[in-house]
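1. Please work out how this folds:
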Amino acid sequence: MKRVTAGLIASIAALATACSDSDSNSPLTPEAPLLQSYTLSSNDSVPEGVAYDSRDRAFYATSLQGASIVRLDAAGQESIFRAADNRASLVGTKVDSTRRRLWVCAQEVDGVDNRVWVFDLESAQLDMEFELGALSTGGSCNDLALSSDGAAYVTDPANPYLYRLDPETGTGEILATDPQFNNIVSGADLGLNGIALTPDETALIVGKFAPASLFRVSLPDADSIELMTLSGDTLPPPDGLMFFEDDLYTVSNNSVSRVRMNESFSAGEVVTVAQKSGLSTATVAESNLYVIKSEVFNFVIGAPLNLPFEIFQVDTATFDQ
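-> Predicted coordinates for the structure are as follows:
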C-alpha cells in the first residue's frame with residue numbers, strides 16, 4: 001500500500017513538472033481572453049468589414065481603400081492577409097471557420113465588375129469568385145451571411161435583389177426580389193445593406209439603409225417577404241447586422257441597436273445605445289459582440305477621418321439599463 005501511494009505521489013509530481021515545462025500550446029494552459037479593443041495600424045484603409053475566425057482566434061478586416069485585408073490575432077498582432085493593390089473596394093466579409101473560407105464583397109473590381117471573393121484561410125489564396133453581373137445587370141454586393149451548409153446570402157445595395165451563392169457548384173442565383181427593396185435615393189446605393197441569418201435558419205433578416213427598416217425573408221425559398229414591425233426606439237439607418245444570444249444587433253454610424261424579436265422574427269423591440277462614431281459592421285467573438293470603427297460615413301461625405309481605426313467590444317449589458 002505504501003508503494004502504491006508513493007507511486008501515485010510520484011506520478012502526480014511528474015505530471016506537475018511536465019505541465020510547468022510545457023509550451024503555451026499545452027491543452028492544460030488556458031487561453032488568454034480576447035482584448036477589449038484592437039487598434040489597426042493603417043490611417044487610410046477605411047476597414048468597412050470585420051469577421052472572426054473562432055478556430056485560429058483571429059479577426060479579419062477589409063478595406064474600402066486599397067483592397068487590403070488585415071488579420072489581427074487574439075493578442076493584437078497585425079499581419080497582411082491580402083496586400084493592397086487598389087483593384088477594388090472591399091466591404092462585407094464573413095468567416096466559415098469549418099470550411100476554412102473567408103468570403104468578401106468586392107465592389108468595382110478593376111473599376112468595372114462587382115464580385116464576391118472566397119479565400120482559403122490557410123493559404124490566403126483566392127479560391128473562387130462569383131461575378132454578380134452574371135446574375136443581374138449591374139449586380140453588386142454590400143454584405144453577406146453564411147448558412148450551416150456553406151452557402152452565402154448576399155445583399156445588393158443598388159438593385160432590389162438578394163442572391164444565394166453555392167460554393168460547391170460555383171453557381172449563384174437570385175433568391176428574392178421585392179419592390180420594397182428598391183433604393184429611394186436614386187444613384188446613392190442606399191438600398192439593402194446588412195444581412196443576418198436567424199439562429200434557426202428559417203429566415204434572413206435584411207436591413208435597408210433608407211428609409212431605415214428591416215425585412216424578414218423566409219427560407220429556403222423566399223416565398224414570404226415582409227417588412228418587420230418595430231417598436232421602442234426609432235431604428236437608425238442600419239449598416240451591419242449580427243445575431244448575438246438570440247437578439248439581433250444593428251450597427252449604425254454612431255450607435256448600436258438591439259432588436260429583441262418575437263418567435264417568428266416578424267416583429268421586434270428596438271433599444272439603441274450610443275457608441276463611438278464611425279461604425280459600420282459587427283462580428284461575434286468568444287461570447288462577445290465586437291464592432292469595427294471604420295469611419296465610412298466621414299469617408300463618404302469627404303470629412304476628415306477620426307483615427308485610429310479599431311475593433312472594439314460592445315458592452316451588451318448596457319441595453320438592459
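2. low pLDDT regions in the stretch 1-150 of the chain?
-> Counting by pLDDT under 70, the stretch 1-150 of the chain has low-confidence residues at 1-29.
3. what's the helix or strand for Glu108?
-> According to DSSP states H and E, Glu108 maps onto strand 101-109.
4. After that strand, heading C-terminal, what element do we hit next?
-> Past strand 101-109, the next helix or strand by DSSP H and E is strand 113-120.
5. now that next one against strand 101-109, angle please.
-> Interaxial angle of strand 113-120 relative to strand 101-109 (axes from the mean of the first three to the mean of the last three C-alpha atoms, to 10 degrees): 160 degrees.
6. Render the CA-only coordinates of stretch 288-307 in PDB, please.
-> Taking C-alpha atoms only, stretch 288-307 is exported to PDB below (Å, rounded to 0.1, in the frame of the first residue of the first chain):
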ATOM      1  CA  ASN A 288     -18.800  38.900 -27.100                       C
ATOM      2  CA  LEU A 289     -20.000  41.300 -29.700                       C
ATOM      3  CA  TYR A 290     -17.400  43.400 -31.500                       C
ATOM      4  CA  VAL A 291     -17.800  46.300 -33.900                       C
ATOM      5  CA  ILE A 292     -15.400  47.900 -36.200                       C
ATOM      6  CA  LYS A 293     -14.800  51.700 -36.300                       C
ATOM      7  CA  SER A 294     -14.100  52.300 -39.900                       C
ATOM      8  CA  GLU A 295     -15.000  55.900 -40.500                       C
ATOM      9  CA  VAL A 296     -17.100  55.000 -43.500                       C
ATOM     10  CA  PHE A 297     -19.600  57.900 -43.000                       C
ATOM     11  CA  ASN A 298     -16.900  60.500 -42.900                       C
ATOM     12  CA  PHE A 299     -15.100  58.900 -45.800                       C
ATOM     13  CA  VAL A 300     -18.300  59.000 -48.000                       C
ATOM     14  CA  ILE A 301     -19.000  62.700 -47.200                       C
ATOM     15  CA  GLY A 302     -15.400  63.700 -47.600                       C
ATOM     16  CA  ALA A 303     -14.900  64.700 -43.900                       C
ATOM     17  CA  PRO A 304     -11.600  64.100 -42.100                       C
ATOM     18  CA  LEU A 305     -11.200  60.600 -40.700                       C
ATOM     19  CA  ASN A 306     -11.300  60.300 -36.900                       C
ATOM     20  CA  LEU A 307      -8.400  57.900 -36.300                       C
END
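7. Can you identify each of the helices in the stretch 101-250 of the chain by residue range?
-> Counting by DSSP state H, counting those that start in this stretch, the stretch 101-250 of the chain forms no helices at all.
8. Can you name the residues in contact with stretch 47-55?
-> For stretch 47-55, the surrounding residues in contact (C-beta atoms under 8 Å, 6 or more residues apart in numbering) are 40, 58-64, 70, 89-95, 97, 100, 102, 104-105, 121, 143, 240, 280-286, 290-292, 294, 296, 309, 311. Quick note: C-beta positions are derived from backbone N, CA and C, even for glycine.
9. Of all the residues in it, which ones are buried?
-> Judged by neighbour count using 16 or more other C-beta atoms under 10 Å, the buried positions of stretch 47-55 are Pro47, Glu48, Gly49, Val50, Ala51, Tyr52, Asp53.
10. Phe319 belongs to a helix?
-> Yes. Checked against DSSP: H, G, I helix; E, B strand; the rest coil, Phe319 lies within a helix.
11. Kindly state the beta-bridge partners for the nearest residue to it once chain neighbours are set aside.
-> Leaving aside its sequence neighbours, Phe319 sits nearest to Arg258 (C-beta to C-beta, 6 or more residues apart in numbering; 4.4 Å). When bridges are called by DSSP bridges, Arg258 pairs up with Tyr249, Val271.
12. burial measure for Arg258, as a count.
-> 24 (other C-beta atoms under 10 Å).
13. With the one 5 residues further on instead?
-> Glu263 has 7 neighbouring residues, counting by other C-beta under 10 Å.
14. Contact partners for it?
-> Per C-beta under 8 Å, 6+ apart, neighbours of Glu263: none.
15. about what we covered before: how much space is there between the residue nearest to Phe319 and Gly302?
-> As defined by C-beta to C-beta, to the nearest Å, Arg258 lies at a distance of 32 Å from Gly302.
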